[in-house]
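Novice: Dropping the sequence and predicted coords here.
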Amino acid sequence: MIRKITVRDFDYIYQLYMHPVTNPWLLYERMDKDSFQPVFDDLLARDIIYIYSEAGVDIGMFKFIHQQYRNAHMAYLGGLAIHPDHAGKGYGQKMMQEIIDLGKQMNLVRIELSTATINEKAIRLYQKTGFEKEGILRKYTWFKNENRFIDEVMMSYLYK
């Protein structure tokens with residue numbers, strides 16, 4: 001089941017974004033709770049972040065940003081993470097299928113995402129669920145704490 005976040009989800013979202021296993025693949029540098037609060041408030045206000053759960057247990061999260069105007073036929077999928085306590089149990093595939101179903105309900109034509117070219121586990125998951133590679137975004141993400149850029153692969157899912 002997927003649902004949009006509420007103010008009560010702050011601790012869970014913070015924990016996922018800052019977890020040492022998931023943080024390297026997500027958008028924000030590690031920070032304390034007080035510094036993360038404005039980030040969370042913005043995500044909440046923009047109404048773009050969801051939690052995936054099963055049997056009342058929160059399993060993961062993702063951002064789903066429905067585009068506008070000439071791009072209203074697509075959404076950007078980002079910030080996708082399964083909590084490390086639930087990794088390797090097939091939840092990633094289940095969550096991806098619910099995301100695809102959400103896009104279908106929204107009458108989308110396309111879902112796009114990008115992920116680090118070195119994140120082979122994520123790339124395999126996305127390909128397994130029907131996403132295809134479209135190209136490489138060179139020096140796309142800046143890792144401030146490592147003083148380096150990484151390349152990302154652009155991928156998309158097209159509805160038939």
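Specialist: Looks like it arrived, so ask away.
Novice: mind listing the helices in the protein by residue range?
Specialist: Per DSSP state H, the chain carries helices over the ranges 10-18, 33-46, 91-105, 120-128.
Novice: Next, the buried residues of the third one.
Specialist: To tie it back to what came earlier, the one meant is helix 91-105. Buried positions in helix 91-105, judged by neighbour count with 16 or more other CB atoms under 10 Å: 91, 92, 94, 95, 96, 99, 100, 102, 103. From N, CA and C alone the C-beta is placed, and that goes for glycine too.
Novice: Could you measure from residue 4 over to residue 129?
Specialist: According to CB to CB, to the nearest Å, residue 4 and residue 129 sit 21 Å apart.
Novice: cool, residue 51 as well?
Specialist: From residue 51 to residue 129 the distance is 19 Å (CB to CB).
Novice: And residue 30, by the same measure?
Specialist: Distance from residue 30 to residue 129, by CB to CB: 29 Å.
Novice: is it true that residue 48 touches residue 62?
Specialist: No: with contact defined as CB atoms under 8 Å, residue 48 does not reach residue 62; the gap is 9.4 Å.
Novice: Which one's more surrounded, these two?
Specialist: More crowded of residue 48 and residue 62, by other CB atoms under 10 Å: residue 62, with 22 against 19.
Novice: Contacts only, for the closest residue in space to that one that isn't next to it in sequence.
Specialist: Leaving aside its chain neighbours, residue 62 sits nearest to residue 80 (4.2 Å; criterion: CB to CB, 6 or more residues apart in numbering). Counting by CB atoms under 8 Å, 6 or more residues apart in numbering, residue 80 makes contact with 60, 61, 62, 63, 95, 113, 122.
Novice: now the strands for the protein?
Specialist: Assigned by DSSP state E, the strands in the chain fall at 2-4, 49-54, 57-66, 74-82, 110-116, 132-143, 148-158.
Novice: and residue 19, which of those strands is closest to it?
Specialist: strand 74-82 (7.9 Å; CB to CB).
Novice: who does that closest one pair up with?
Specialist: Using DSSP bridges, strand 74-82 pairs in its sheet with strand 57-66 (antiparallel), strand 110-116 (parallel).
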